[in-house]
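Colleague: No letters, just coordinates:
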């Protein structure tokens, strides 16, 4: 069994790692020693994780494979963030500015006469969330 930087890995990850090692061996004539990373083209001790084959941002299959945790974090987070911004294409300015995550990603701001107007977001206290319509009648 290949060695990893993490002392214990899940059974599912171990099964996937064993299958990858077998496939690697069949194609190269020998198994990898730790984990052969196809992105870095290296076989070295590293922390491993389950990485999505198709990025979660696509809303696609939950299928995962084995990947180095550092590689997954480096390429995964920025890509997913940028892709979510692309998915927002076509939204109105109001839709963007009222979506906290999207507004932050796009650095959305209001500008009046060349001056940036600071946005203040308020959260409605939960006790007001479901006020009956009758309370608002005069």
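Modeller: Great, that's in hand. Just so we're clear, the structure is a prediction, and the values are computed from it rather than from any experiment.

Colleague: Tell me the first helix or strand C-terminal of the lowest-mean-pLDDT helix or strand in the chain.
Modeller: Every helix and strand of the chain was ranked by mean pLDDT, DSSP states H and E. The lowest is helix 69-87, at a mean of 76. Read in the C-terminal direction, the helix or strand following helix 69-87 is helix 93-97, with elements assigned using DSSP states H and E.

Colleague: Need the mean per-residue confidence for the next helix or strand after that following helix.
Modeller: Next in sequence after helix 93-97, counting helices and strands by DSSP H and E, comes helix 100-106. The average pLDDT within helix 100-106 is 79.

Colleague: can you give me the offset of stretch 9-18 from its chain's centre?
Modeller: Relative to the mean C-alpha coordinate of its chain, stretch 9-18 is positioned 21 Å out (C-alpha atoms, centre = their mean, to the nearest Å).

Colleague: buried stuff in that stretch?
Modeller: The neighbour-count criterion (16 or more other C-beta atoms under 10 Å) identifies 9, 13, 14, 16, 17 as the buried residues of stretch 9-18. Glycine gets a C-beta too; all of them are placed from N, C-alpha and C.

Colleague: The second one: what's it in contact with?
Modeller: Under the criterion of C-beta atoms under 8 Å, 6 or more residues apart in numbering, the neighbours of residue 13 are 48, 49, 50, 66.
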